[in-house]
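A.B. asks: output the structure for:
(one chain, ligands or ions: 2)
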Amino acid sequence: PQGRVEVLSVIDSTNQYLLERITELQSGDACVAEYQQAGRGRRGRKWVSPFGTNLYLSMYWKLDQGPAAAMGLSLVIGIVMTEVLQRLGAADVRVKWPNDLYLKDRKLAGILVELTGKTGDAAHLVIGAGINLRMREPATDVINQGWINLQEAGIDIDRNELSITLLQELSAGLREFEQQGLTPFIPRWRNLDNFLDRPVKLLIGEKEIQGIERGIDQQGALLLEQDGEIKSFIGGEISLRGQ
Ligand code: ATP
Ligand code: BTN
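C.D. replies: Ligands and ions are numbered 1, 2, ... in the order given. The predicted model follows:
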C-alpha cells in the first residue's frame, strides 16, 4: 500500500481510532486490529469482533468531490473487496446493496464508511471493513441475521495477504472512482449483485416493501420492480433482505 499501516492488538474500533487521528492522516493510511471491544455497524449497531479470527481494517481517504459522492464510493468499496476475495479464492462472494458482502446468501463482511466535511469542501472518510475468516458462534453476542465465515465455506486466505491486497486495490479503485465516477463500476456491480432479478424486501424503518431487485442506477440507487414499474431507492436508512 501507498500509506502507512498500523497494526493494533486491542482497540475499541479501528474506525474510531482513525477518526480520532483524522487531521494527521493521508489518503491510504490504514490500521488493522486483532480485536475490537466496540466494533460498530451502521446506525449504532454492533459489529461482533472476536479476537484473532477475523479481519478488522480501516483506511483513511480524502475525497475532493465532497460528501455527496460518498454514496457511490461506498458501492465501489464493496465491488473492489468482492473482486479481491474472488481473486484470492472465494469465487462465490457477492455484493448486497448498499455495502455488505454475501456468501451463500449469508453475511460474510460489512463495510462502514464514516465521514466528516461540509458540503462544498473535501470529505474526510474513514472506510471500515470487517470480514469473517474463522469466527465461531459468538458466546455472548447474538447476530440477528444469517452470517458465514470463509472457513465454513472451505476457503483459506492468508490474513496478511488479504489486508495488503485490499489496501492496494481499494486505493486503486477509489482513484478510478475519483477520475471516472460510478459509470465504469455499474457493469461490475451487475456481475456481482447477489440479489439481481430476485425477490427481495426493503426494510425502511417500520415499513417493508417487496419487489424484484433490478440492480442500481447511474447514481448508485437501488432499483426495485413492483407491478411492472421500477422505482429507485437511495440512502442509508434502508436494509435489503432476500425473501
Ligand atoms: P444492512 O442490511 O442495511 O447492512 P444490517 O441489518 O446488516 O443492515 P448493519 O448495521 O449494516 O445492519 O450491520 C450490523 C448488523 O450486522 C448487526 O445488527 C448484526 O445483525 C450483523 N453482524 C454483526 N456482527 C457481524 C459479523 N461479525 N458477521 C456478520 N454479521 C454481523
Ligand atoms: C455493517 O455491516 O454494518 C458494517 C460493519 C463494519 C465493521 C468494520 S470492522 C472494522 C471497522 N471498525 C468498526 O468499528 N467497524 C468497521
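
A.B. asks: every contact and neighbour count from this point should use C-alpha atoms.
C.D. replies: Will do.

A.B. asks: wait, Gly78 touches Asn99, no?
C.D. replies: Yes. Counting by C-alpha atoms under 8 Å, Gly78 does reach Asn99; the two are 5.4 Å apart.

A.B. asks: end to end on stretch 24-44, go ahead and measure it.
C.D. replies: Taking C-alpha to C-alpha, to the nearest Å, stretch 24-44 runs 26 Å from one end to the other.

A.B. asks: check stretch 173-192 too.
C.D. replies: 16 Å.

A.B. asks: buried residues in it?
C.D. replies: Gly173, Leu174, Phe177, Gly181, Leu182, Phe185, Ile186, Trp189, Arg190, Leu192 (16 or more other C-alpha atoms under 10 Å).

A.B. asks: tell me which of those fall in helices.
C.D. replies: Secondary structure assignment by DSSP state H places Gly173, Leu174, Phe177, Ile186, Trp189, Arg190, Leu192 of the buried residues of stretch 173-192 in helices.

A.B. asks: tell me which of these is nearest to Met71?
C.D. replies: Phe177 (11.6 Å; C-alpha to C-alpha).

A.B. asks: residues contacting that closest one?
C.D. replies: Shown in contact with Phe177 (C-alpha atoms under 8 Å, 6 or more residues apart in numbering): Leu73, Val76.

A.B. asks: from Phe51, how far out is it?
C.D. replies: Distance, Phe177 to Phe51, by C-alpha to C-alpha: 34 Å.

A.B. asks: before we move on, what about Val200?
C.D. replies: Counting by C-alpha to C-alpha, the gap from Val200 to Phe51 is 34 Å.
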